[in-house]
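Novice: this one's structure only:
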Ligand SMILES: Nc1nc2c([nH]c(=O)n2[C@@H]2O[C@H](COP(=O)(O)OP(=O)(O)OP(=O)(O)O)[C@@H](O)[C@H]2O)c(=O)[nH]1
Ligand SMILES: [Mg+2]
């Protein structure tokens, strides 16, 4: 079953949710307005029709946010979610359904259909994810970090795999201060204990760490990310409740010159099976951001992409 849904915002940026009526699948839960694709329709046409039927609005611009394949006990769906960028009219309840506007920050997904929770992650996450180079020279590293933050990057992963834990320990609070000042989120690669000690925004697991965990090792209030390279790793990430992943290498990266690349077609095929936001990683440039999104990505991640 192919379902389209729209993220509709008001002038204050709040998001519109509709309550599923009694007697229907997932009755009582709050969803993004939308419905099933009809024969002969494109997803965009179907969404424009649904939003007109359900809310009385005319959609004039939309952009795909994320496509979620989801298995409910009684049905399999693909939930194709669009950001509604512009519309005419005031949304109103045309089918007797309850409507509510919510600030994104106050949505936890608790009373929403399970398939809608990864959509919330996609809404909260930016389109760029800057992974740090080895901070071997802290002073140089911090200068580079300031430049990356000044460029507008709002999600940073501190990755210090070869430096000593002592040096990393000294660096973490300094990097955190700069990220907080720039309103950017900071994740630490690999080290859950250190991330908890300094109350970072989350942890990014290596693929080896990911496969060692049989359940989510962090509370849901923090971001849990992981590195994936194939379908088995993606499936495991979803199974243990990872919030988002990087999928690599899309192209040849200077940091990993011997890894076999998947290319955009390979990336898109894996991404289509992922029910969570996926950043494209490996040999990409900022100019690849649109290509990445066309192939299903949340955006692009990279080291040299952002740091050089
Ligand atoms: N519209 C919408 N449907 C969603 C969301 N999340 C989600 O799991 N779904 C599921 O997608 C399916 C399609 O919804 P629908 O509104 O077209 O269909 P329905 O169950 O209301 O039935 P009907 O319209 O044929 O009477 C439902 O099973 C619904 O539970 C969402 O955010 N929006
Ligand atoms: Mg509907």
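Specialist: That came in fine, so what should we check first? Treat the numbers as computed from the prediction; the structure is a model and nothing was measured. Ligands and ions are numbered 1, 2, ... in the order given.
Novice: how about stretch 102-117: buried residues?
Specialist: 107, 112, 113, 115, 116, 117 (16 or more other CB atoms under 10 Å). For the C-beta atoms, the positions are set from N, CA and C on the backbone; glycine is no exception.
Novice: quick check, the fourth one in a helix?
Specialist: Yes. Assigned with DSSP: H, G, I helix; E, B strand; the rest coil, residue 115 falls within a helix.
Novice: kindly reformat the buried residues of stretch 102-117 as a markdown table containing distance to ligand 1 and pLDDT.
Specialist: Shown next, in a markdown table, are those (distance: CB to the nearest ligand atom, whole Å; pLDDT from 0 to 100):
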| residue | distance to ligand 1 | pLDDT |
| --- | --- | --- |
| 107 | 12 | 95 |
| 112 | 7 | 97 |
| 113 | 4 | 96 |
| 115 | 4 | 96 |
| 116 | 5 | 96 |
| 117 | 10 | 94 |
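Novice: tell me the two of these that are most distant?
Specialist: 107 and 115 (14.5 Å; CB to CB).
Novice: would you mind listing what in the stretch 151-300 of the chain touches ligand 1?
Specialist: Taking CB under 6 Å from any ligand atom, no part of the stretch 151-300 of the chain reaches ligand 1.
Novice: for ligand 1, what is the nearest residue in the stretch 151-300 of the chain?
Specialist: Per CB to the nearest ligand atom, residue 275 is where the stretch 151-300 of the chain lies closest to ligand 1, at 10.9 Å.
Novice: that residue: neighbour count?
Specialist: Neighbourhood size, residue 275 [other CB atoms under 10 Å]: 22.
Novice: try residue 14
Specialist: 16.
Novice: pLDDT value on it, please?
Specialist: On pLDDT, residue 14 comes in at 98.
Novice: renumber starting at 8 from here on
Specialist: That works, and once the first residue is 8, the last one we named lands at residue 21.
Novice: about what we covered before: residue 29: which of the buried residues of stretch 109-124 is nearest?
Specialist: Nearest member of the buried residues of stretch 109-124 to residue 29, counting by CB to CB, is residue 120, at 15.2 Å.
Novice: gap between the closest one and residue 258?
Specialist: Residue 120 sits 35 Å away from residue 258, going by CB to CB, to the nearest Å.
Novice: for residue 245, same thing?
Specialist: Taken as CB to CB, the span from residue 245 to residue 258 is 24 Å.
Novice: out of the buried residues of stretch 109-124, which is nearest to residue 206?
Specialist: residue 114 (22.2 Å).
Novice: the closest one is in contact with residue 22, isn't it?
Specialist: Yes. Shown here, residue 114 and residue 22 form a contact pair, counting by CB atoms under 8 Å, at 7.0 Å.
Novice: after the top helix by length along the chain, which helix or strand is next?
Specialist: In the chain, assigned by DSSP state H, the helix with the most residues is helix 172-188. Per DSSP states H and E, helix 172-188 leads on to strand 192-196 as the next helix or strand towards the C-terminus.
Novice: which strands border that following strand, and is each parallel or antiparallel?
Specialist: Using DSSP bridges, the strands paired with strand 192-196 are strand 162-165 (parallel), strand 209-212 (parallel).
Novice: chain center to the next helix or strand after that strand, what's the gap?
Specialist: Using DSSP H and E, the helix or strand that follows strand 192-196 in sequence is helix 199-204. The chain centre lies 22 Å from the centre of helix 199-204; the measure is CA atoms, centre = their mean, to the nearest Å.
Novice: now for helix 199-204, which elements pack on it?
Specialist: Applying 3 or more CB pairs under 8 Å, 6 or more residues apart in numbering; DSSP states H and E, we find helix 199-204 packed against helix 172-188, strand 192-196, strand 209-212.
Novice: buried ones in it, by neighbour count?
Specialist: 199, 201, 202.
Novice: what mean pLDDT does it have?
Specialist: Average pLDDT, helix 199-204: 96.
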